[in-house]
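Colleague: Show me how the following folds:
(chains A and B)
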Amino acid sequence: LECYTVAIGVLITESQMRRAKILVSEMEADGLVPDCVCYNTLINGWCEMGHMKEAVFLFEEMKMKNRQPTTAVYNTLIKGYGIIGRPDEGTRVLEHMTMMGGNNNTAKPNTRTFNMLINSWCKSKSIDQARRMLGLMWSAGVKPDVVTYNTLATAYADLGRFEDIENLIVEMKNSYLKPNRRTYGILIRCYCQEGMPEEGVELLENLKFEGLSPDLVALNTLMKAYTQPFDPVQVEKVFELMRKYGVKPDVATYSTIMNSWSSVGNVEEARMAFRKMEEEKVKADVMAYGILVKGYVRSGRLKEAECVLEEMRDNGVRANVVVYTNVIAGWCSQGDMKEAIRMFKTMVASGVQPTSYTYHKLIWGFSEARQPHIAQDILDAMNKQGITPD
RNA sequence: CCGCCUCGUGAACA
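Modeller: Residues are numbered from 1 along each chain as shown, chains lettered A, B, ... in the order given. Below is the predicted model:
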């Protein structure tokens, strides 16, 4: 019977899209014809879930109803292809857009079009392709903007190539584009990842010469760098910087600190940071609670982890997959599969869809608990739902 | 005039 419970997941978010569909038919029954913006909203929904067949279906339907797709609609499709890791398909969409130029040209590629394509290539780790798009952009007479460069900078940051980012910033200025706080935030992150947060501090200090003020995100980035491992002196320095620059620590700031404690199994410290956050009237969100849960789980205090879940409920914060899965994984590693399944049921009952990671934890738990048959049943249930077990 | 589409910080040792 556990297996039946396991089988309930998947349809949740899709059912929301179905509701949207129903809404549209109600709308049509009222004699209203969905326009491009309306269609694009729906298409975007499917795209963000990575369901391109549905997205394309709607796209075709839209054309069938004599709605000329706008640039935004094509942009959405390109984004969708990026999400499923198919920038090549996105590029084909772009070609299609330029192909049918002409007069009644409702779908001329714009800056966003290229930005999204560049982002897609970057996400599939092809910076060279992304840069090629930048070139194509110029020759298509579409001007890159700050977002374009920030997107590229992010890709370099992921590779730890801070020098390339610095060059990019020069390139921007040569094109009369002003780097913004995000641009520098990206660079700071890169410095931190490469083990040179002091560079980040210095950069922050120099922002004023660019007419920019240091912002919370950048400071949180620094905070993260100084909490792995936890460096009390530097952490205090970041707090000082925050005061100096007049920005208040937010939930991400405290989460960062809590996480460094939770990760090493020191829940007490994490809890203290949490309390401090509450004292500062900063409201906890899912992630903050999730970190706390992780802390309890990691020190084997599952009961208390579940108390946090109740705490969340009382404060109107809904737990998500990550939070639930952490608790489930906790019970699994204690070999208490009854509790694990109970948690799983609770999760599904509250409308939270398991991920494949959730299933893997369960499968692992059941096989460790010498109940491989149940593990097998879960695998079967997964296959039935078209979830890929890897 | 408005509604849809792109960029940086915190949670699953992916």
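Colleague: how deep is the residue of the stretch 51-200 of chain A found nearest RNA strand B tucked in, by neighbour count?
Modeller: With distances taken as C-beta to the nearest atom of the strand, the stretch 51-200 of chain A approaches RNA strand B most closely at A:Gly185, which sits 2.6 Å away. Placement of C-beta: from N, CA and C, glycine included. Taking other C-beta atoms under 10 Å as the criterion, the count of residues near A:Gly185 is 25.
Colleague: isn't there a helix covering it?
Modeller: Yes. Inclusion of A:Gly185 in a helix is indicated when DSSP: H, G, I helix; E, B strand; the rest coil is applied.
Colleague: Could you tell me what pLDDT the model assigned to it?
Modeller: The confidence metric pLDDT takes the value 96 at A:Gly185.
Colleague: residues contacting it?
Modeller: Neighbour list for A:Gly185: A:Asp215, A:Val217, A:Ala218, A:Thr221 [criterion: C-beta atoms under 8 Å, 6 or more residues apart in numbering].
Colleague: what's the spacing between it and A:Tyr296?
Modeller: In this view, A:Gly185 and A:Tyr296 are 32 Å apart by C-beta to C-beta, to the nearest Å.
Colleague: ditto for A:Leu362
Modeller: A:Leu362 sits 20 Å away from A:Tyr296, going by C-beta to C-beta.
Colleague: now A:Leu136
Modeller: Between A:Leu136 and A:Tyr296 the computed distance is 52 Å (C-beta to C-beta).
Colleague: swap in A:Lys244?
Modeller: For A:Lys244, the distance to A:Tyr296 equals 35 Å [C-beta to C-beta].
Colleague: out of those two, which sits in the more crowded spot?
Modeller: Each of A:Lys244 and A:Tyr296 had its neighbours counted (other C-beta under 10 Å), and the higher figure belongs to A:Tyr296 (24 against 10).
Colleague: May I ask which helix or strand encompasses the more buried one?
Modeller: If you go by DSSP states H and E, A:Tyr296 is part of helix A:286-298.
Colleague: what packs against that helix?
Modeller: With contacts taken as 3 or more C-beta pairs under 8 Å, 6 or more residues apart in numbering; DSSP states H and E, helix A:286-298 sits against helix A:251-263, helix A:267-279, helix A:302-314, helix A:321-333.
Colleague: Indicate whether it makes contact with RNA strand B.
Modeller: Yes. Applying C-beta under 7 Å from any atom of the strand, one finds helix A:286-298 in contact with RNA strand B at A:Val286, A:Met287, A:Ala288, A:Gly290, A:Ile291, A:Lys294.
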